[in-house]
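Novice: below is the sequence, then the predicted model.
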Amino acid sequence: YRDGNNRTIQFSQFEKTNIHSAVKYNINKKSSFKADALFDLAQNVGYPALPMDVSLAQAMLFALEYQRKTSTELKAKIYFNQVVHIMDDSKRDSLYLLKNKPVGKSDSVYMRMDMPGKSSTLGAYVQMVIPWNTANKLTLKADNYTNSSIAEMTMHMRYAGLAPELPMYLQTWPAMLRNVSGIFVENSSYLTDKLSIVANGRVDFNIDNLQSRYGQEQFSVFNYSLPKTQSKLVKSMNITAQYRFSKSISLIASTGYAERMPTIGERLGFYLFNAYDGYDYIGNPYLKPEKSNFFRVDFQFTQTTLKINFNQSLSFVQDYIMGITNSEIPAMNFYTNGVRVYSNVPKAKLYSADLQILYSPIKSLSVFMLSKFTMGEINQNDPMPLIPPLKNIVAIQYEKNNLSLQAECESAMAQNRINATYGERKTPAYAVFNIKGGYLFSVSTFSFNAGIGVTNLLNKVYYEHLDWGRINRPGRSVELYLKVSY
């Protein structure tokens, strides 16, 4: 694609095919089966911010669900999915990201990498909703899934004029089998016409089984002695109260405690390159789970012509997981800024606010506004990295008969509150305008929905704070679509 300066963004190609089919069979009015099958194939996918592209990203998903709706609702589901991901640098200059790359010269160092990855998940759950009485409803859910994953990297190094070196092999995600079994319990109580309370809790038992001797050998260089099996119990508890002052106004207050298991990458990732900050990341097998106490308040106002939803949340996190720079560990690649190791930060705070307004003065016209704000702190009032600035979306939509028109403005404030130690840089503000229109018509038994949309109407040059590589987003883009129903 091209940005707002009409400059072609190299390696931004994207080719994808997606097929999804669902079949539902009603046994009777109360019971039904539903089967889902999805196949997703992406090829020749470019990543402008990375030194590599993707030659193949393939996903398959199959699911079978049974549902029965009587006085006691029952839902059971079994599913399987598999993802295969192959990185490809065959179309790249191996000095692509080197800042002092010689102009007009070919590579002096050739380092090609083969990076296949695979993840498979088999899971199932059973859920029951049981009315105790007219005022209480109990929900019970038991679920289990097993995930098998591995990501490999083979490096082929060759200096100009010299014989190629022996291939170097490592596993960026060591072969791992993770099994998670969980139980969820929730009770909804309708105490009065105005007051209702929902309390729930969840317990998950995680078992990580390291299936690769390479993983143990790799981490031995950092003086880690990895056990083959690690297990951990994590839990969460929440309570929510809703009070309806009138038919139009209600207030919802929530509080709770939650724990989060480290991901496989956070625990056992090995030299995972992060294009956002330019560092290689190494996992920490002894990470503690994150622990969070949160508070949330929602204000809702609903009338025929006006709807307002304003919510605020505040979280106090203990053992917050983030990458900490370690200057004693050498970088794997010549284009990285260094190495970071995932670690537990004792304390962190996160505040967020969300405002949604929908105004419809007449039936055919509506105005929608969405504003999101987030602020985080770690350690002693240091800004939390990877926090976006205030973002707004304002849309005006007109619908009458078969015609629909919409104009939209998406904007973001500048992000000047950054964590310079982490390597963040300030991001300028932007505003982008989009328009689209559609028309419905019928021919025989077929229904058609034809339309056109223009994104970034004014060809603005911009990028968002969390965009990898600070690469400009697309300039003016035109989309034509035709949907056929029968």
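Specialist: Received, thanks.

Novice: quick one: low-confidence parts of the stretch 151-300 of the chain?
Specialist: Within the stretch 151-300 of the chain, the segments meeting pLDDT under 70 span 160-161.

Novice: ok, now with 90
Specialist: Scanning the stretch 151-300 of the chain for pLDDT under 90 picks out 153-170, 172, 211-230, 264, 268, 270-279, 285-286.

Novice: hey, where'd the helices end up in it?
Specialist: Assigned helices in the stretch 151-300 of the chain, in chain order: 213-220, 264-268 (criterion: DSSP state H, counting those that start in this stretch).

Novice: list the buried residues of the longest one.
Specialist: The neighbour-count check on helix 213-220 (16 or more other Cβ atoms under 10 Å) flags 214-216, 218-219 as buried. The way it works is simple: take the backbone N, C-alpha and C, and place the C-beta from them, glycine included.

Novice: helices or strands up against that helix?
Specialist: Packing contacts for helix 213-220, counted by 3 or more Cβ pairs under 8 Å, 6 or more residues apart in numbering; DSSP states H and E, involve strand 168-190.

Novice: name the residues of the strand it packs on that are buried.
Specialist: Neighbour-count burial for strand 168-190 [16+ other Cβ under 10 Å]: 170-180, 182, 184, 186-188, 190.

Novice: okay, angle between it and helix 213-220 too, please.
Specialist: Inter-element angle recorded for strand 168-190 and helix 213-220: 100 degrees (by axes from the mean of the first three to the mean of the last three Cα atoms, to 10 degrees).

Novice: who does the nearest residue to Leu370 once chain neighbours are set aside form a beta bridge with?
Specialist: Nearest residue to Leu370 in three dimensions, chain neighbours excluded: Ile393, at 4.5 Å (Cβ to Cβ, 6 or more residues apart in numbering). Using DSSP bridges, the beta-bridge partners of Ile393 come out as Leu370, Glu410.

Novice: ditto for Phe33
Specialist: Going by DSSP bridges, Phe33 forms beta bridges with Tyr25, Tyr66.

Novice: what would stretch 370-386 look like as CSV? C-alpha coordinates only.
Specialist: Taking Å, rounded to 0.1, in the frame of the first residue of the first chain, the C-alpha atoms of stretch 370-386 are listed here in CSV:
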residue,chain,number,x,y,z
LEU,A,370,-16.7,6.8,21.3
SER,A,371,-13.8,8.1,23.5
LYS,A,372,-11.2,5.9,25.2
PHE,A,373,-8.5,7.0,27.6
THR,A,374,-5.9,4.8,29.4
MET,A,375,-3.1,5.7,31.9
GLY,A,376,-0.7,3.3,33.6
GLU,A,377,2.2,3.6,36.1
ILE,A,378,4.9,1.2,37.3
ASN,A,379,7.4,1.4,40.1
GLN,A,380,7.5,4.9,41.5
ASN,A,381,5.2,6.8,39.2
ASP,A,382,7.1,5.8,36.0
PRO,A,383,4.8,5.7,33.0
MET,A,384,3.7,2.2,32.0
PRO,A,385,4.9,1.5,28.4
LEU,A,386,2.6,0.5,25.5
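
Novice: name the residues linked to the closest residue to Lys137 other than its chain neighbours by a beta bridge.
Specialist: Once flanking residues are discounted, Lys137 sits nearest to Ser188: 4.5 Å by Cβ to Cβ, 6+ apart. Beta-bridge pairing for Ser188 (DSSP bridges): Lys137, Val198.

Novice: tally of neighbours for Ser71?
Specialist: Residues near Ser71, counting by other Cβ atoms under 10 Å, number 7.

Novice: wait, doesn't Ser181 sit right on Ser231?
Specialist: No: under the criterion of Cβ atoms under 8 Å, Ser181 is not in contact with Ser231, lying 10.7 Å apart.

Novice: show me the common contact partners of the two, please.
Specialist: Shared contacts of Ser181 and Ser231 (Cβ atoms under 8 Å, 6 or more residues apart in numbering): Phe205.

Novice: am I right that Pro385 is in a strand?
Specialist: No: with DSSP: H, G, I helix; E, B strand; the rest coil as the criterion, Pro385 is located in coil rather than a strand.

Novice: list the contacts of it.
Specialist: Pro385 makes contacts with 322, 418-419, 422, 424, as judged by Cβ under 8 Å, 6+ apart.

Novice: read off the pLDDT value for it.
Specialist: Here the pLDDT value assigned to Pro385 is 92.

Novice: one more: Arg470?
Specialist: What the model reports as pLDDT for Arg470 is 89.

Novice: can you give me the distance of it to Tyr276?
Specialist: As judged by Cβ to Cβ, to the nearest Å, Arg470 and Tyr276 stand 9 Å apart.

Novice: with Asp204 instead?
Specialist: As judged by Cβ to Cβ, Asp204 and Tyr276 stand 29 Å apart.

Novice: who has more neighbours out of the two?
Specialist: Between Asp204 and Tyr276, Asp204 has the larger neighbour count (other Cβ under 10 Å), namely 19 against 16.

Novice: is that one bridged to anything, and to what?
Specialist: Gly182, Val234.

Novice: ok, it touching Val234?
Specialist: Yes: counting by Cβ under 8 Å, Asp204 does reach Val234; the two are 5.1 Å apart.

Novice: now find how far off-centre stretch 195-205 is within its chain.
Specialist: Distance of stretch 195-205 from its chain centroid, counting by Cα atoms, centre = their mean, to the nearest Å, is 24 Å.

Novice: contacts for that stretch?
Specialist: Residues outside stretch 195-205 that contact it (Cβ under 8 Å, 6+ apart): 139, 180-191, 231-244, 261.

Novice: again with stretch 295-307
Specialist: By Cβ under 8 Å, 6+ apart, stretch 295-307 touches 247-255, 308-315, 356-361.

Novice: quick one: buried residues of it?
Specialist: Buried residues in stretch 295-307, counted by 16+ other Cβ under 10 Å: 296, 298, 300, 307.
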